[in-house]
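Asks: Below is the sequence, then the predicted model.
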Amino acid sequence: MSIDQIRAQFPILSTRVYGKPLVYLDNAASAQRPQAVVNAYDELVLSKNANIHRAVHALSEQATKAYEDARDAVKLFLHASAREEIIFTSGATAAINLVAFSFGEAFVHEGDEIIVSVAEHHSNIVPWQMLCERKKAVLKVLDIRENGELAVESLENLISERTKIIAISHISNVLGLVNPVREIVTISHKHGIPVVVDGSQGVVHEPVDVQDLDCDFYAFSGHKLYAATGTGVLYGKRKWLDAMPPYMGGGEMIQTVSFAGTTYAPLPEKFEAGTQNFNAVPTLVPAIDFVNACRQDNEVAAEQQAIVDYVYDALTSDERITLYGVPRGTKFPLFSFAVKGVHHEDLALIMDKMGIALRSGQMCAEPLMDRLGVTGLLRASFAPYNTLEEAKYFISCLNKAIDMLL
Amino acid sequence: MTLEEKKQQIIEDFSAYDEWLDKYEYLIELGKSLEAFPEEKKTEDRLIKGCQSRVWLDAQLREGKLYFTADSDAIITKGIISLLIGVYSGRTPEEIAADDFGFVAEIGLKENLSPTRAGGLASMIETIKKIAANG
């Protein structure tokens, strides 16, 4: 596929902002949707709209099939061993909250400990803090090294007999570093502790094999993966999902209901209470198809690497700029940086007027900002539809904006 | 200059620029020219809540008039607060409290700021109004 062919699949990319062509570099916050995703959504709403799993009529069956086909597609995408291990949620945040609540109900008691890393997104911190508050448990924090990598060597010291679960991200949404998930899982499992992986960024940029990683839970959001918003996935090993109580009660998740006592549906419905987002969940299928097509394409890979190399060189050769995390030779197209003497918000505001969409601020990772000693950063994150030309425009605008501000 | 004249002047200054980047240049210059704000005044109670960047505002009542000084760690925000205090500093609390701050919408400041920044602008205006109301 040529980049032009990819761009043609994303109508929004021809948008102009303030009269200038849109350069969308906030993909780590939310990606754009290809036409195939929009078409799938349209078809579901316009001709297959009915509540799933319940009725016997034709529309309901078609809607149910589309929804359950998405489960099979996600199972394949994550290399899960069974479709029952794929739970649909509204996003990664909901998926992590589900684990924090249900796992916490079953396994976390007063005085127990939970480990998260300092580099987590708020969505992989706050649900655990809330669990700790509820259960009077203790949250322990895995630090990073000076270069931003997780200090895996100190994990053993953090683990105690009271450690019940460890939550880390696959790829940091700020530092663009791939965490050594398998190593962390190996250490944790030696102590019999399950690992939750926030895969919000990871699933977008790396082929994920949950059986190979051997993680116990893996969560991601559809909207960062080119699917419709309001879709998300929780993968969980069957042994844990079976042992956890339901998160929410309601329709769909029950087997029989009576005032004498209610029994719950088997997996995966046990964790899918209420009417599901059946118009949007099936858009995960064309989204995954798009991701797979990009991954198999040499032209896309070459353009992405050219972008990453160009931006890395430009940011690291400028003495005014400090790049956080991102290692030399990186393949991951996400760059968080600060400019000496310039506020990130000023830069983002000026570059917005140049047509460039960036993220500025704390990026939902306040503890990490404190750890790095900054009040916020600027982040540029690229997707396969971004071009080297856009990367060059971004760098030239960044220089212009810095000159305006200094 | 009366309050009305001052507001009119700013509306004219702003309309001289077609491009938003030029308006930002103007705000940046305003921010840079703001008189120094003493470090010891950068206290929690002078911090305006609701801004992405930090903004401090201090007000002194002298001979029945309010005099504002301010600072921010972001230069465009500093330009905006500079613009506001340039208009309202040296006015009586009654005059400020009675004003509708409509010129801010007229120069397009509100629509051309990101929602978080617009929220910050609203907080700045609220704070000035509150100070004026408390006399």
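Replies: Sure thing, it's come through.
Asks: and residue A:81, that one's in a strand?
Replies: No. Counting by DSSP: H, G, I helix; E, B strand; the rest coil, residue A:81 is located in no strand; its state is coil.
Asks: Now residue A:220, what are its backbone angles?
Replies: phi -150, psi 170 (degrees, to the nearest 10).
Asks: For chain B, which segments are assigned as helices?
Replies: B:3-15, B:20-32, B:75-88, B:93-98, B:103-106, B:115-133 (DSSP state H).
Asks: any chance of these in TSV, plus mean pLDDT, distance to residue A:28 and mean neighbour count?
Replies: (Glycine included, C-beta is placed from N, CA and C.) As requested, those are arranged in TSV below (pLDDT from 0 to 100; distance: least, C-beta to C-beta, whole Å; neighbours: other C-beta atoms under 10 Å in any protein chain shown):
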stretch	mean pLDDT	distance to residue A:28	mean neighbour count
helix B:3-15	90	35	14
helix B:20-32	90	26	18
helix B:75-88	92	24	24
helix B:93-98	94	43	16
helix B:103-106	84	33	16
helix B:115-133	82	18	18
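Asks: With distance to residue A:296 added, can I get those in a markdown table?
Replies: Converted to a markdown table, the helices of chain B look like this (distance: least, C-beta to C-beta, whole Å):
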| stretch | distance to residue A:296 |
| --- | --- |
| helix B:3-15 | 52 |
| helix B:20-32 | 41 |
| helix B:75-88 | 44 |
| helix B:93-98 | 64 |
| helix B:103-106 | 52 |
| helix B:115-133 | 39 |
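Asks: Redo the ones you listed as JSON lines? Include distance to chain A.
Replies: Converted to JSON lines, these look like this (distance: least, C-beta to the nearest C-beta, whole Å):
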{"stretch": "helix B:3-15", "distance to chain A": "15"}
{"stretch": "helix B:20-32", "distance to chain A": "5"}
{"stretch": "helix B:75-88", "distance to chain A": "5"}
{"stretch": "helix B:93-98", "distance to chain A": "27"}
{"stretch": "helix B:103-106", "distance to chain A": "17"}
{"stretch": "helix B:115-133", "distance to chain A": "7"}
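Asks: Identify whichever of those helices lies nearest to residue A:20.
Replies: Residue A:20 lies closest, by C-beta to C-beta, to one member of the helices of chain B: helix B:20-32, at 10.2 Å.
Asks: got the angle between that closest one and helix B:75-88?
Replies: 70 degrees (axes from the mean of the first three to the mean of the last three C-alpha atoms, to 10 degrees).
Asks: so residue A:385 touches residue A:14, yeah?
Replies: No. At 11.2 Å, residue A:385 does not count as touching residue A:14 under the criterion of C-beta atoms under 8 Å.
Asks: the more surrounded of those two?
Replies: residue A:385 (25 against 10; other C-beta atoms under 10 Å in any protein chain shown).
Asks: What's the per-residue pLDDT of residue A:183 here?
Replies: Looking at residue A:183, its pLDDT reads 98.
Asks: Just grab the bridge partners of residue A:197 for me.
Replies: In this entry, residue A:197 is beta-bridged to residue A:168, residue A:218, by DSSP bridges.
Asks: and the residue of the stretch 151-300 of chain A found nearest chain B, how many neighbours does it have?
Replies: Nearest residue of the stretch 151-300 of chain A to chain B: residue A:174, at 16.6 Å (C-beta to the nearest C-beta). Neighbourhood size, residue A:174 [other C-beta under 10 Å]: 26.
Asks: likewise residue A:307?
Replies: 22.
Asks: wait, is it part of a helix?
Replies: Yes. Per three-state DSSP, residue A:307 lies within a helix segment.
Asks: now it, nearest residue through space, not along the chain?
Replies: Using C-beta to C-beta, 6 or more residues apart in numbering or on different chains and skipping the chain neighbours, the partner closest in space to residue A:307 is residue A:391 (4.6 Å).
Asks: Please, which helix or strand holds the one you found?
Replies: Assigned by DSSP states H and E, residue A:391 falls within helix A:388-405.
Asks: Please point out which parts of that helix sit buried.
Replies: For helix A:388-405, the neighbour count (16 or more other C-beta atoms under 10 Å in any protein chain shown) marks A:388, A:390, A:391, A:393, A:394, A:395, A:397, A:398, A:401, A:402, A:404, A:405 as buried.
Asks: what does stretch A:191-209 give?
Replies: A:193-206, A:208.
Asks: Quick one: name the residues of chain A near chain B.
Replies: A:18, A:342-343, A:345-346, A:348-350, A:352-354, A:360-361, A:375-376, A:404-405 (C-beta under 8 Å from any C-beta of the partner chain).
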